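Participant: Build me a model:
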Amino acid sequence: MEQQKIKTRRAICIRGKQLIIQLLEKYESSKAQISLVQFCKDHDVPTGTFYTWLRYQREGKYKVNGRFIALSPEPVSLPEPAMSLPVFASINSGELTVQLHQYVAPEYIQSLLDKRRGL
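Facilitator: This is a model prediction of the structure:
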């Protein structure tokens, strides 16, 4: 009876996008010293898969900048402050000055002063 040699299937290893980007960057920095095939063997990545990652990187699938949006350094123009209402009453308590622009209940004023005193 003949024995048949059965090929074992390669284990599937799913890598995250960040790990793929890190491996691509590591290869870019070391490709002068090591071949792609040796790099793939050292990191247990099939060469075909690595070539696919390189193609995806060229196509822009693996962008390094992440989820941040680049902003242009344009000056920001702030809106002019709206006309303030006339002051109805002003209460001074030490360093605290409260300006009221309309009538409020005395309990509200008392609660502000209590917060100031830490009560």
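
Participant: Would you mind confirming that D44 is in contact with C13?
Facilitator: Yes. D44 lies in contact with C13 (Cβ atoms under 8 Å); the separation is 7.3 Å. Quick note: C-beta positions are derived from backbone N, CA and C, even for glycine.

Participant: Domain ranges for this structure, per the record?
Facilitator: Structural domains assigned to the chain are 17-59, 85-119, following automatic domain parsing.

Participant: gap between the two ends of the longest one?
Facilitator: Spelled out, that is domain 17-59. Using Cα to Cα, to the nearest Å, the gap from the first to the last residue of domain 17-59 comes to 15 Å.

Participant: tell me the mean pLDDT over it?
Facilitator: Here domain 17-59 scores 91 as its mean pLDDT.

Participant: in the chain, which spans are helices?
Facilitator: Using DSSP state H, the helices of the chain run over 17-30, 36-42, 47-59, 106-117.

Participant: Relative to L78, which of those helices is closest?
Facilitator: helix 106-117 (28.9 Å; Cβ to Cβ).
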